[in-house]
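Chemist: give me the fold of what follows.
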Amino acid sequence: MMTRRGDARRSTPQFTPTKHKAKTLKQEQMCRSPKFVNLPAKPVYSMTSRDFQMDTNAHVEVIGEQLKDFCCINFYQAAIIQNKHLFRGRTVLDIGCGAGILSLFAAKAGAAHVYAVDSSNVLDYTEQIVRDNGYAGVIHVIKGSLANIELPVAEVDIIICNWLGYSMLFQAACGMVIYARDKWLKKENGIILPDVAKLFMAAVEENKIKNERVEWWNDVYGVNMKCMRECALSEPSFQLVQPQQLLSTQFGIKYLNMYTATRKDLNFRCKYMLEMRRSGYMDGIVTYFHVFFTKSHTPMGFSTDPCAMRTHWMQTVFFLDKSVHVTSGELYYGGIEMCSVSRDFDLNNMELGFEMFSGDPAQLQLEAEMRWKLKPHAAIANDKIKANEKENELEKKGQDQQLEKVITIKKNPVSPKISIKVEKEKKSARSPVSPTSVVLGDYVYPCVAGKKGKKTKHSKKG
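Modeler: As a prediction, this is how the structure comes out:
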């Protein structure tokens, strides 16, 4: 290596590391973000993607989706805050508390002690939320399943729990409420919120979603995948149903009272009768439920039917293998069964059986017979919500664009052809217009058309 003359004889200076002065508190705050430094040593902060698959309730997006169900959360808030006389000075047990929103409502209503129980790592967030809201002395967070925990008290006055599921029972927490009721709830004047629910069914016309989910598998890019069609047909669709898609009247198939219900009541079989309100093709059945809190001084509840405000449960549609043509005013009979696959009343793995007959009760004709499997799912509901919202947004946008187009043509008629086309698309109830007339806005102008073989005046100029 070549060096300048005299560089080789020079001694390399020795540098000694200097001691840096300690940073002040303000300098440390400027150099680091307090949101990500010194996080508490909690299990939820070290969870991986595989852990969240086993504990989905701890994921922040799942927590947000549950709290954004305004219809459900507003019901619980109103039922608790407007009945402070029931909560004031009482001991409350919140089962499956999640982020602790119901526990906070109970504490604000004047509860003396609230025991928030959950087996998910979401409780790491709950503890911080409780402290940040100043209720650490009232709300006691307990982690674990109900069968393995011990409460500091022998009995509680009130049990609050969002124990509903899809089709009321699928993935529901009814079993935990029944267990806690028999073990801790006061025998006299004990309260369960909510306490009553009723499941309904109706015939539905939903050809579009059925084609997308089921019939699409008949021909996939020229490949036979009909085996996948059977699998897609055996699982229900959790989606939003419009009121105009209902073909029949609704029929109540299950009534559940949490004060008297047992685990055997979570499986049921009953008969039904549907009266068709209009003619059409019945693509399947839809189920939804109503919920009530009967101990309130005013009747309180909410519904998940198609005419009500959207909830995260939406509606559950069970598609038939072959659509059935129904006639207005006709009656259909049959039986429906909903039960757990295992013997331990596991509500996370259920089946729904269905059979439908028509005609004279003495000589019934079998129209449909199906059996569906309700298996645990993670993202189906969220995907369907986003898909339905996008579809409604596009539909509304298209209607607005069509309306703007009609208004523009009415104000500024460009050509008679466009005006006539708009009138045909609108299919209005006006008097029939002859083909030799032009429609401009709300007025009809007759055209001077010459007879065949004769030239009209100024024909070259049009």
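Chemist: can you pull the contacts of the residue nearest to Thr126 when sequence neighbours are not counted?
Modeler: Of all residues not flanking Thr126 in the chain, Gly100 sits nearest, at 4.2 Å (Cβ to Cβ, 6 or more residues apart in numbering). In short, each C-beta sits where N, CA and C put it, glycine included. Residues counted as contacts of Gly100 (Cβ atoms under 8 Å, 6 or more residues apart in numbering) are 94, 116, 126, 129-130, 139, 141.
Chemist: and of those residues, the nearest to Leu266?
Modeler: Minimum separation from Leu266 among the contacts of Gly100 (Cβ to Cβ) is found for Asp94, which lies at 21.4 Å.
Chemist: wait, that closest one sits on Asn162?
Modeler: No: at 9.5 Å, Asp94 does not count as touching Asn162 under the criterion of Cβ atoms under 8 Å.
Chemist: common neighbours of these two, please.
Modeler: Counting by Cβ under 8 Å, 6+ apart, the common neighbours of Asp94 and Asn162 are Leu102.
Chemist: settle it for me: which of these two has more neighbours?
Modeler: Using other Cβ atoms under 10 Å, the more surrounded residue of Asp94 and Asn162 is Asp94, with 30 against 23.
Chemist: SS state for the more buried one?
Modeler: Here Asp94 is recorded as strand under DSSP: H, G, I helix; E, B strand; the rest coil.
Chemist: for the residue nearest the centre of the chain, what are phi and psi?
Modeler: The residue lying closest to the centre of the chain (Cα atoms, centre = their mean) is His312, at 2.3 Å. Here is the backbone geometry of His312 (degrees, to the nearest 10): phi -70, psi -10.
Chemist: burial check on the nearest residue to it once chain neighbours are set aside, number of neighbours?
Modeler: Closest residue to His312 apart from its sequence neighbours, by Cβ to Cβ, 6+ apart: Asp69 at 4.4 Å. Burial of Asp69, expressed as a neighbour count using other Cβ under 10 Å, amounts to 16.
Chemist: Asp69 contacts Thr311, correct?
Modeler: Yes: using Cβ under 8 Å, Asp69 makes contact with Thr311 at a distance of 5.5 Å.
Chemist: for the stretch 201-350 of the chain, just list every one of the strands.
Modeler: Counting by DSSP state E, counting those that start in this stretch, the stretch 201-350 of the chain has these strands, from start to end: 237-239, 251-257, 268-275, 280-293, 300-303, 315-326, 331-340, 350-358.
Chemist: which of those sits most buried?
Modeler: Of all those, strand 280-293 has the most neighbours on average by mean count of other Cβ atoms under 10 Å, namely a mean of 23.
Chemist: which strands or helices does that one pack on?
Modeler: Contacts defined by 3 or more Cβ pairs under 8 Å, 6 or more residues apart in numbering; DSSP states H and E place strand 280-293 against helix 70-81, strand 196-204, helix 207-213, strand 300-303, strand 315-326.
Chemist: low-confidence bits of the stretch 251-400 of the chain, can you list those?
Modeler: Scanning the stretch 251-400 of the chain with the threshold set as pLDDT under 70 gives 376-400.
Chemist: and the nearest residue to Gly280 once chain neighbours are set aside, how many neighbours?
Modeler: The shortest distance from Gly280 to any non-neighbouring residue, by Cβ to Cβ, 6+ apart, is to Glu205 (5.0 Å). Neighbour count of Glu205, defined by other Cβ under 10 Å: 21.
Chemist: quick check: Glu205 vs Gly284, distance?
Modeler: For Glu205, the distance to Gly284 equals 9 Å [Cβ to Cβ, to the nearest Å].
Chemist: dig out what Val117 forms beta bridges with.
Modeler: Ile95, Ile142 (DSSP bridges).
Chemist: ditto for Val324
Modeler: According to DSSP bridges, the partner residues bridging Val324 are Met282.
Chemist: what ranges do the helices span in the stretch 51-200 of the chain?
Modeler: Using DSSP state H, counting those that start in this stretch, the helices of the stretch 51-200 of the chain run over 60-67, 70-81, 84-87, 101-108, 123-132, 174-183.
Chemist: and the longest one, what does it pack onto?
Modeler: Applying 3+ Cβ pairs under 8 Å, 6+ apart, one finds that helix 70-81 contacts helix 101-108, strand 191-193, strand 280-293, strand 300-303.
Chemist: got the CA positions of the first one in PDB?
Modeler: So the one you mean is helix 101-108. Provided in PDB are the C-alpha atoms of helix 101-108 (Å, rounded to 0.1, in the frame of the first residue of the first chain):
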ATOM      1  CA  ILE A 101     -67.000  -3.000  28.400                       C
ATOM      2  CA  LEU A 102     -69.900  -4.600  30.300                       C
ATOM      3  CA  SER A 103     -68.000  -4.600  33.600                       C
ATOM      4  CA  LEU A 104     -67.400  -0.900  33.200                       C
ATOM      5  CA  PHE A 105     -71.100  -0.300  32.500                       C
ATOM      6  CA  ALA A 106     -71.900  -2.200  35.700                       C
ATOM      7  CA  ALA A 107     -69.300  -0.200  37.700                       C
ATOM      8  CA  LYS A 108     -70.700   3.100  36.500                       C
END
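Chemist: in that helix, which of the residues would be classed as buried?
Modeler: Residues of helix 101-108 classed as buried by neighbour count (16 or more other Cβ atoms under 10 Å): 101-108.
Chemist: count the neighbours of Asp182 for me.
Modeler: By other Cβ under 10 Å, 9 other residues sit near Asp182.
Chemist: what do you get for the one 10 residues further on?
Modeler: Counted by other Cβ under 10 Å, the residues lying close to Ile192 total 24.
Chemist: ok, it touching Leu185?
Modeler: Yes: with contacts defined as Cβ under 8 Å, Ile192 counts as touching Leu185 at a distance of 7.2 Å.
Chemist: tell me, what's touching those two both at once?
Modeler: In contact with both Ile192 and Leu185: Ile159, using Cβ under 8 Å, 6+ apart.
Chemist: nearest residue to Tyr272 in space, please, no chain neighbours.
Modeler: Nearest non-adjacent residue to Tyr272, counting by Cβ to Cβ, 6+ apart: Phe251, 4.7 Å away.
Chemist: gap between the one you found and Lys373?
Modeler: Using Cβ to Cβ, one gets 23 Å for the distance from Phe251 to Lys373.
Chemist: and Gln171, by the same measure?
Modeler: Taking Cβ to Cβ, one finds Gln171 at 13 Å from Lys373.
Chemist: the more surrounded of the two?
Modeler: Under the criterion of other Cβ under 10 Å, the comparison of Gln171 against Lys373 puts Gln171 first, with 17 against 13.
Chemist: look at the more buried one and report its pLDDT.
Modeler: Here, the pLDDT recorded for Gln171 equals 92.
Chemist: could you number the chain from 687 rather than 1 from now on?
Modeler: With the count now opening at 687, the last piece we talked about shows up as Gln857.
Chemist: just checking, it touches Asn1034?
Modeler: Yes: contact criterion Cβ under 8 Å: Gln857 and Asn1034 qualify, at 5.7 Å.
Chemist: domain parsing of this protein, as residue ranges.
Modeler: 725-848, 882-1064, 1099-1148 (automatic domain parsing).
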